[in-house]
Structures are given as C-alpha cells and as structure tokens.
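Student: Sequence plus predicted model, see below.
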Amino acid sequence: MFAVDENQFLHKLFPGGFKLLAVLDMQATPIIRFPIDIVNLYYLKYLNLRETKVRVVPRFMGMLHKLETLDLKHAYVTELPVEILQLRRPRHLLVYRYEFESYDYFHLKYGFKGLEGIGDLQSLQKLCLIEIDQGNVISTELGKLTQLRRLGITKLKKEDGKKLCSSIEKLTCLRAFSLIWIEENELINVQHLVSPPPLLQRLYLRGRLESMPHWIPS
C-alpha cells in the first residue's frame, strides 16, 4: 500500500471487502495504530507492518489462525499479547528495531518481551529479537523450537547462559544466531555450548568477549 492516511480504514479503501486476502504489505505507511479490519482476514498468511509507527498489537491477533509471517521490524512494538500463542503455524516472528544514539553504542537493538509458552510455537523458523531477561523459563522453552533457522536474543543475563546453551544445542536447523548481553560490559558466557548447531553459518555476539568460544573450530 502507498500513500495511506492514518485515518483511512481498510474497508474504506476496499468497500467490496477482501476476505480471501492472504498477503498484506503495509510497509512504511504512516499508520500509528494496528488496522482493526485485519481481524476479518481469516486467510491472512503474511502481514508486513515494517517501518510503521505501530506500538501495540491487539489481542485479536490470536484469531488469525493461518498467519505464518508477522513482520514488525523497525516498528515500535515491544510486547506481544499472549494470544499470539494461539496461532497454529507461525513461521516468522520478526519484532525489533534499531536506534542510533551515539557512536559509543552505535545501533541499539530493541526486541520484544519473551512469552512463557513460546515453546508451543514449534513451527517457527525465524524468531527475532526476543528478550529473555525474565529468567530461565524462556531460555528453556527455546529448546523446543527445533525448526528454527534464525534466532535473535537480547537482554541476556550471565546467570541464564548455561540454560540457554543447553537449548541452543537442540536447535540443529539453526543457520543464524544473534546474541546481545543485557550489559555491554558483561562477560559473554557461551562456553557451556558443547555441540553447536551443525548448520550454523552466521554468528553475532555483542558484549564483552575475553576469548573465542572453544567450539568455533567445529
């Protein structure tokens, strides 16, 4: 969609309706609220609200049972409703943004708060960026997402490192892994990872790293 006004609703743009719509791309449109009309798009598989000013995802998202991709990159969403766990086969859950504050930090990355029960979404292939500073529960549940190909984690605490490494070892399909510690100066601890994902191609570690992880050669 192009040149969409904030006050313009989907039913006004398409008065005849489009209940069979499977793909909706509203990237970079100047909306600040989640389009309420989306609740009627039962067959929607792909929803792109990237680079919008949307901050809140409504609870009715759980009704879009066929949704596979939710792209909220560079929007302002920091939390997802628990109803998102009702989705039957989500594959891509992309919720994060970058902000430039100073050359000391360059781009700061913000994700979304981890949900207890996220391990139930076992069809997920991309999950970025999930905050797991709530404790070991989220770290453990990530190990259930065995179809993951891309995983981004932020706000990790030192005490959660061991549990997280145990979960990462189970993600044998993982190709890309990004890890950001909660404090820039906190020591990155990934030495507990004994058997890294065999297909891993891209690895991003942000924090204080004293030595290369011992498992890099493998």
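Tutor: Yep, it's here.

Student: Could you find the closest non-adjacent residue to the residue nearest the centre of the chain?
Tutor: Centroid-nearest residue in the chain: Cys128, 2.9 Å away (criterion: CA atoms, centre = their mean). Nearest non-adjacent residue to Cys128, counting by CB to CB, 6 or more residues apart in numbering: Gly152, 3.4 Å away. Yep, even glycine has a C-beta here, placed from its N, CA and C like the rest.

Student: Likewise for Glu83?
Tutor: Closest to Glu83 by CB to CB, 6+ apart is Gly62, at 3.1 Å.

Student: Quick check: the residue nearest to the centre of the chain vs Ile138, distance?
Tutor: From Cys128 across to Ile138, the span is 14 Å (CB to CB, to the nearest Å).

Student: same question, Ile153
Tutor: Ile153 is 9 Å from Ile138, by CB to CB.

Student: before we move on, what about Thr69?
Tutor: Counting by CB to CB - Thr69 and Ile138 are separated by 22 Å.

Student: Pick out whichever of those two has more residues nearby.
Tutor: Between Thr69 and Ile138, counted using other CB atoms under 10 Å, Ile138 has the larger neighbour count: 25 against 17.

Student: Just confirm the more buried one is within a helix.
Tutor: Yes - Ile138 forms part of a helix when assessed by DSSP: H, G, I helix; E, B strand; the rest coil.

Student: Who are the contact partners of it?
Tutor: Residues in contact with Ile138 (CB atoms under 8 Å, 6 or more residues apart in numbering) are Gly114, Leu115, Glu116, Ile118, Ile130, Ile132.

Student: now, the most widely separated pair of those?
Tutor: Spanning the widest gap among the contacts of Ile138 are Glu116 and Ile130, at 11.9 Å by CB to CB.

Student: Which parts of the chain are strands?
Tutor: 23-25, 46-48, 69-71, 92-94, 97-102, 106-110, 112-113, 126-131, 150-156, 176-181, 202-206 (DSSP state E).

Student: Lowest average pLDDT across those?
Tutor: Looking over those, mean pLDDT reaches its minimum on strand 106-110, with a mean of 72.

Student: still on that earlier bit, for the residue nearest to the centre of the chain, list each beta-bridge partner.
Tutor: For Cys128, the beta-bridge partners are Leu94 (DSSP bridges).

Student: quick one: it from Ala176, how far?
Tutor: For Cys128, the distance to Ala176 (CB to CB) stands at 9 Å.

Student: Need the overlap of contacts for those two.
Tutor: Counting by CB under 8 Å, 6+ apart, the contacts common to Cys128 and Ala176 are Arg150, Leu151.
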